[in-house]
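S.K.: Model the following, please.
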Amino acid sequence: NVVDSTGVTRAAGLFFVSPGQINFLMPSGTASGNASVRIFVDGLSVAEGAVAINAVAPSLFAANSSGAGLAAAVVLRVKADGTQIFEPLSRFDTAQNAFVPVPIDFGADTDRIFLLLYGSGIRGRSGLTAVGVQAGGTDAPVSYAGPQNDFAGLDQINAELSRSLKGRGEVTVRLTVDNRAANAVTVTIK
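M.R.: Model (predicted):
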C-alpha cells in the first residue's frame, strides 16, 4: 500500500516480487509530497519505507536497462503519402551479447522521421510546451508526451528529428520536462 501526503491509502499493482526486490506501479492519484510504502505478506506488515512523490520525474529507458547508452525507442517514418512505417533503433547482437544500434536512415527528402522514446515520470507534465527534446544539440519538436497506453506506467515522447542530423553518427538525446532533466540516451544516425 502507498499512503500519500494527504493520508490517503491506495493499493499498488505489483509487477515483480522476489526475496530482495519488489517492483510496483505507483497508484494513480497519489498526491505529491512525502509518502510511505507498506509491504504486506499474507496480511502482515513486513516492511515500510519513505518515498518522495513529484508530479514530474522524467526518465528515459535504455535498451540495455542501465538508463544510459542506446535509447529504448523506435523510429516512425512518415512518407509523403501519409504511410507510416515503424523501424527498430536497436537490435540484440548475440555475438556481443549486447544491444547494438540500427542507424537511422533519413531516406527520401520528403520522409519525416520521428523518434518515439519510452520512459516514465512524464505524464504529469504541465503542458506539451513544457517538454523539450534535443538530439545532438538540435531541437526535436515534440508532438506527444504522455501515457503510452499499452503498458501500465509507461510514458512515450514523440519528437521529430531534424534532417540536419544526417550523417552525424552517434548523438546524445536529452529530455526536459517542466525544467527537470531526464537521463541522457543515445541514437545513431546514418
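
S.K.: Tell me which residue lies nearest the centroid of the chain.
M.R.: Geometric centre of the chain, nearest residue: residue 119, 1.2 Å, by CA atoms, centre = their mean.

S.K.: and that one, what are its bridge partners?
M.R.: Counting by DSSP bridges, residue 119 is bridged to residue 60, residue 155.

S.K.: Distance check, it against residue 85.
M.R.: Remark: distance between residue 119 and residue 85 (CB to CB, to the nearest Å) = 23 Å. All C-beta atoms are positioned from the backbone trio N, CA, C, and that covers glycine.

S.K.: Same check on residue 1?
M.R.: Distance from residue 1 to residue 85, by CB to CB: 44 Å.

S.K.: and those two? which has more neighbours close in?
M.R.: residue 1 (14 against 11; other CB atoms under 10 Å).

S.K.: and the more buried one, what does it touch?
M.R.: 9-12, 37-38, 40 (CB atoms under 8 Å, 6 or more residues apart in numbering).

S.K.: Now for residue 126, how many residues are close by?
M.R.: 12.

S.K.: before we move on, could you check phi and psi at the residue of the chain positioned farthest from its centre?
M.R.: Centroid-distance maximum for the chain: residue 44 at 34.4 Å, with CA atoms, centre = their mean. When quoted as degrees, to the nearest 10, the phi and psi of residue 44 stand at phi -100, psi 130.

S.K.: Kind regards, and thank you for your time.
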